[in-house]
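1. build the 3D model from these lines:
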Amino acid sequence: MKSTFVLAQLEAKPDPMDNIKKAEQAVKESMELYHPDFMIFPEVFMSHYPLGTDRKIILDSAQKLDGPFVKAMQDLSKANHLWMVFGMREATEDKDDERSYNTSIMLNDQGEIMGVYRKTHLYDAFGYKESMNIKPGDKLFDPIDTPFGKIGMFVCYEVRFPEVARDQTAKGADIIIMPTAWVKGDLKSLHFRTLITARAIENTVFLLACDQCGETYLGESVVVDPMGVPISCGNERECLIPVHIDTDRITEVRKKLPSFKDRRPSVYTLK
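-> Below you'll find the predicted structure:
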């Protein structure tokens, strides 16, 4: 099964409407140049605030799933007959918890919401504490059957937890999408590429990581095939990254590398 994906490596701005305009331009260029079936935007693409921004401004920016940002992305998806994944700050219903969810949404080519994932493993690392402003989700993503294969998803920091990618593969995912906002720092580029490659190899799946870029974030979005080969990637700047996915590659790789099938979960327990 063959399909074309485009990763939109962009730097999100504070105003969601500015990011809608960026998405519209990215889709326009992608449709003219690559004719994609599926486009991926980064983690929290709806709005990104510079370090030092007042916490209340960030918290007040959260929207609901039926809010204007999601609606605009749905309209864009439907108008271009394009599947999409994008990240947002989602308002919660819990009046006793002022935090929002770090949510990624999958749309089909009619702009319908096919899947919603609230990030479960929060980035409380390298001196940062995501859990101050973000409420964790309580379950992993349920992979979606699409015309391009079964697609799973996790977000950014969760690539550091092998169990998350394994869960997606065990549920039948052929392709795993990773929206991310990977912060720059010592050895972070090495970690980014190493972990993504490891998750692809150990699960013999395609892994598509779409990152933000700019002053805070790394860029370097990448697509890795089931043998760990990077088949498309970006640099540190805003760019569109096209990639052709052939899921027959998974069958080919698993014939010679049946590591997922050869697991023996009966002899180990994760606690």
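2. hang on, residue 62 packs against residue 98?
-> No. Applying C-beta atoms under 8 Å, one finds residue 62 not in contact with residue 98, separated by 9.6 Å. (Each C-beta comes from the backbone N, C-alpha and C, glycine too.)
3. out of those two, which sits in the more crowded spot?
-> residue 62 (21 against 14; other C-beta atoms under 10 Å).
4. measure that one to residue 193 for me?
-> Separation of residue 62 from residue 193 (C-beta to C-beta, to the nearest Å) stands at 31 Å.
5. and for residue 118?
-> 26 Å.
6. ok, residue 259 - how many residues close by?
-> Neighbours of residue 259 using other C-beta under 10 Å come to 12.
7. got it, and residue 34?
-> 17.
8. with residue 254 instead?
-> Other residues lying near residue 254 total 15 when counted by other C-beta under 10 Å.
9. distance from the helix or strand hosting residue 88 to the middle of the chain?
-> Using DSSP states H and E, residue 88 sits within strand 83-90. Chain-centre distance of strand 83-90: 8 Å, with C-alpha atoms, centre = their mean, to the nearest Å.
10. CA atoms only for it, dumped as CSV, please.
-> Extracted as CSV, the C-alpha positions of strand 83-90 are listed here (Å, rounded to 0.1, in the frame of the first residue of the first chain):
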residue,chain,number,x,y,z
TRP,A,83,-6.0,13.5,6.3
MET,A,84,-4.2,15.4,9.1
VAL,A,85,-2.6,15.2,12.5
PHE,A,86,-2.0,18.4,14.6
GLY,A,87,-1.4,19.3,18.2
MET,A,88,-3.3,21.8,20.4
ARG,A,89,-3.9,23.0,23.9
GLU,A,90,-7.2,21.5,24.9
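11. give the next helix or strand downstream of it.
-> Next along from strand 83-90, by DSSP H and E: strand 101-107.
12. okay, now the unreliable bits of this structure?
-> Within the chain, no stretch has pLDDT under 70.
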